[in-house]
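1. using only what follows, build the 3D model:
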Amino acid sequence: MKRAACWLCVSMLGPVLIAGCASAAREAAFRREEVALFEARQQAAVHCEAQDDCEAAWARARAFVATHSASRIVRADDTQIETARPHSFGFVYLAALKEHTDEGNTQIQLKAMCRGMYDTDGKASLLYSTCADAIVAVEGEFRAWMRSAR
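-> Here you go, the predicted model:
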């Protein structure tokens, strides 16, 4: 009888231990993805100085947004380009912001977002990894896209 109780205890603890390991691995993956997202966001910016260069760069940013977003542009002016949120979850949509820096330059910053990346409570959803990978890829392409025009 003691053996049966011992096996019962082990069989009940096994899944708990495995779930704990899976949870720790999931948390570590989440942290890695957060770092990758932060780095991609920092790299998804370009600077320009001359007015003509900045106008050309802003037009290039608009073309990037139009071709890389899952949805159409709904707002575009001299300082902001924004696409609509897609109807489906897991798809990237974009915004670009043009602003003057303290150094006197102009910065164009891309921001990629993904519908369904977070739950309504602000925590990572089941689509988090898919969205994070897509955002890192799009934001990583932005700088190269902008440089190719120079």
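2. report the contact partners of the residue nearest the centre of the chain.
-> By CA atoms, centre = their mean, the chain has its centre lying nearest to residue 135, at 3.3 Å. Shown in contact with residue 135 (CB atoms under 8 Å, 6 or more residues apart in numbering): 37, 40, 92, 112, 113, 114, 117. To be clear about C-beta, it is placed using only N, CA and C from the backbone, and glycine gets the same treatment.
3. name the SS class of the second one, please.
-> If I follow you right, that is residue 40. helix (DSSP: H, G, I helix; E, B strand; the rest coil).
4. related to what we said a few turns ago, can you tell me which of the contacts of residue 135 end up in strands?
-> Judged by DSSP state E, strands contain the following of those: 92, 112, 113, 114.
5. by neighbours, which of those wins?
-> residue 112 (26 neighbours; other CB atoms under 10 Å).
6. test my guess that that residue contacts residue 138.
-> Yes - with contact defined as CB atoms under 8 Å, residue 112 and residue 138 form a contacting pair (4.7 Å).
7. biggest separation within the contacts of residue 135, which pair?
-> 40 and 117 (13.7 Å; CB to CB).
8. what ranges do the strands span in the protein?
-> So, for the chain - with DSSP E - the strands run 45-48, 73-76, 80-83, 92-100, 106-114.
9. of all those, which one comes closest to residue 25?
-> Between the strands of the chain, strand 106-114 lies closest to residue 25; by CB to CB that is 22.3 Å.
10. who's in contact with that closest one?
-> 41, 44-49, 54, 57-58, 61, 64-65, 85, 90-101, 127, 130-132, 134-135, 138-139, 142, 146.
11. cutoff 7 Å now
-> 44-48, 54, 57-58, 61, 90-101, 131, 134-135, 138-139, 142 (CB atoms under 7 Å, 6 or more residues apart in numbering).
12. strand partners of that strand, parallel vs antiparallel please.
-> strand 45-48 (antiparallel), strand 92-100 (antiparallel) (DSSP bridges).
13. and of the strands of the chain, who's closest to residue 29?
-> The nearest among these, by CB to CB, is strand 106-114 at 16.6 Å.
14. CSV for the strands of the chain, including distance to residue 27 and mean pLDDT?
-> CSV is the format used below for those (distance: least, CB to CB, whole Å; pLDDT from 0 to 100):
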stretch, distance to residue 27, mean pLDDT
strand 45-48, 29, 91
strand 73-76, 36, 96
strand 80-83, 32, 97
strand 92-100, 24, 95
strand 106-114, 20, 95
